[in-house]
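Asker: Everything below, folded, please.
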Amino acid sequence: MVFMLYPMQFESILKERIWGGQKLNTLLNKPITSEITGESWELSTVKGDISIVANGENKGMPLTEVIEAAPEAILGKSVHQRFGTDFPLLFKYLDAREDLSIQVHPNDALAKKRHNSFGKTEMWYVMQADPNARIIVGFKEKSSPEQYLTSLKDNSIISILDTIEAKKGDVFFLETGTVHAIGAGLVIAEIQQTSDITYRIYDFDRKDANGNTRELHVDLALDAINYDVVQTQKQYARTPNQSNPVVDCPYFTTNFIPLDGKKQVAQDGDSFRVFMCTEGSFSLDTGNGHYEYSTGDTVLLPAAIESYTMEGKATILEIYIS
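Answerer: Prediction:
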């Protein structure tokens, strides 16, 4: 197989979830086959869920093989030095028809010790929100392991957690240890470390189609939780045709691009770029090819492509590692 460098899209890895719905199809044009599709994994190297190239000369190649073929050209000089051939991020779209479980993710040290995995720092960009849709993020007031356990026993966990109304365009940054839940009526673009480690602590006592409740991880979560009050919502500029900073953390940098016309870009080759088109449509011109994208598309731009032109009318998340 001939290996080429160009902007790559990947086959959606669709996940049924008890809380999922159909908006991944109606809003994002994902080829769902279930009425409870909750997630579309867009770029993944999680074991058992490796993304497959969907376009161009590398079509059919797993992302892991793409990286192995040209690690520095794909990942970038700096990212390759830091992570070897591991792809350190996971990109998803989520449709919450119902509330997700209340959960928490461990930090790097705990995840490594228990699961030989990265931790799971993540961010959410709200693509669509029904009226009064809400999220749960952290505690209203400083809490403790004792209060956490007591609130689960007497079914009052919701009362000690902070609830925020979520609107289209809102961004929430969740460091590991933040207790959280995406509420019903939200479609989210999610950027996170490559990890599928989740400690579920409360699931509203609901049952699946077979009458079974889902497993809880109350004890595992005990020393993973940050019991302090946290500030998760991010404010950001929306200057047209600019990369407006949204999140800059050790694991990823995310910018917001309100594209309205043309934007020419030159960069240093230190990191790959991922673009998530959250609304509208745009094109990428690399000099060697012209590529078209629309709402719900996710594209991996190899680091070796150091100059390109973006054109169209769209809102775009730009993600890389700095």
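
Asker: Please count neighbours and contacts with C-alpha atoms only from this point.
Answerer: Fine.

Asker: so where do the strands sit in the stretch 201-322 of the chain?
Answerer: Under the criterion DSSP state E, counting those that start in this stretch, strands of the stretch 201-322 of the chain are mapped to 233-234, 244-248, 253-266, 273-285, 290-294, 298-301, 307-320.

Asker: Give the rounded mean pLDDT of the first one.
Answerer: In this model, strand 233-234 carries a mean pLDDT of 97.

Asker: Show me what it packs onto, helices and strands only.
Answerer: Strand 233-234 makes packing contacts with strand 171-174 when contacts are defined by 3 or more CA pairs under 8 Å, 6 or more residues apart in numbering; DSSP states H and E.

Asker: Following the record's annotation, map out the domains of this structure.
Answerer: In the assignment given by automatic domain parsing, the structural domains of the chain cover 13-234, 244-320.

Asker: Span of the longest one from start to end?
Answerer: Think domain 13-234. When the termini of domain 13-234 are compared using CA to CA, to the nearest Å, they are 28 Å apart.

Asker: gap between that domain and the chain center?
Answerer: For domain 13-234, the separation from the chain centroid amounts to 7 Å (computed by CA atoms, centre = their mean, to the nearest Å).

Asker: Format the domains of the chain as TSV; extra columns: mean neighbour count.
Answerer: Listed next are those as TSV, based on neighbours: other CA atoms under 10 Å:
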stretch	mean neighbour count
domain 13-234	19
domain 244-320	19
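
Asker: List just the one of these that sits closest to residue 7.
Answerer: For those, distance to residue 7 was read as CA to CA. The smallest value, 4.6 Å, belongs to domain 244-320.

Asker: now do the same end-to-end measure for that closest one.
Answerer: Using CA to CA, the span of domain 244-320 from its first residue to its last is 13 Å.

Asker: returning to that earlier point: and the strands of the stretch 201-322 of the chain as JSON lines, adding distance to residue 35?
Answerer: Output for the strands of the stretch 201-322 of the chain, formatted as JSON lines (distance: least, CA to CA, whole Å):
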{"stretch": "strand 233-234", "distance to residue 35": "31"}
{"stretch": "strand 244-248", "distance to residue 35": "33"}
{"stretch": "strand 253-266", "distance to residue 35": "31"}
{"stretch": "strand 273-285", "distance to residue 35": "22"}
{"stretch": "strand 290-294", "distance to residue 35": "23"}
{"stretch": "strand 298-301", "distance to residue 35": "23"}
{"stretch": "strand 307-320", "distance to residue 35": "27"}
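
Asker: can you dump the C-alpha coordinates of stretch 18-37 into CSV?
Answerer: Taking only C-alpha atoms (Å, rounded to 0.1, in the frame of the first residue of the first chain), the coordinates of stretch 18-37 have been written out as CSV:
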residue,chain,number,x,y,z
ILE,A,18,-28.5,3.8,27.4
TRP,A,19,-28.7,7.7,27.3
GLY,A,20,-28.2,8.1,23.6
GLY,A,21,-30.5,9.3,20.8
GLN,A,22,-30.6,10.1,17.1
LYS,A,23,-29.1,13.6,16.9
LEU,A,24,-25.7,12.3,15.7
ASN,A,25,-27.6,11.5,12.5
THR,A,26,-30.0,14.4,12.3
LEU,A,27,-27.5,17.1,13.2
LEU,A,28,-24.1,15.6,12.3
ASN,A,29,-25.0,13.1,9.5
LYS,A,30,-23.5,10.1,11.2
PRO,A,31,-24.6,6.7,9.8
ILE,A,32,-26.2,5.5,13.0
THR,A,33,-28.3,2.3,13.0
SER,A,34,-29.7,2.5,16.5
GLU,A,35,-32.1,4.9,18.2
ILE,A,36,-29.9,5.0,21.3
THR,A,37,-26.6,6.1,19.7
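
Asker: got the residue ranges for the helices in this protein?
Answerer: 23-26, 63-69, 71-75, 77-83, 108-115, 145-153, 218-222 (DSSP state H).

Asker: same for the second one, what does it pack against?
Answerer: By that I understand helix 63-69. Using 3+ CA pairs under 8 Å, 6+ apart, the elements in contact with helix 63-69 are helix 71-75.

Asker: Against which helices or strands is the helix it packs on packed?
Answerer: In terms of contacts (3+ CA pairs under 8 Å, 6+ apart), helix 71-75 is packed against helix 63-69, helix 77-83.

Asker: before we move on, the earlier item: of all the domains of the chain, which one comes closest to residue 6?
Answerer: With CA to CA, the closest approach to residue 6 among the domains of the chain belongs to domain 244-320: 6.8 Å.
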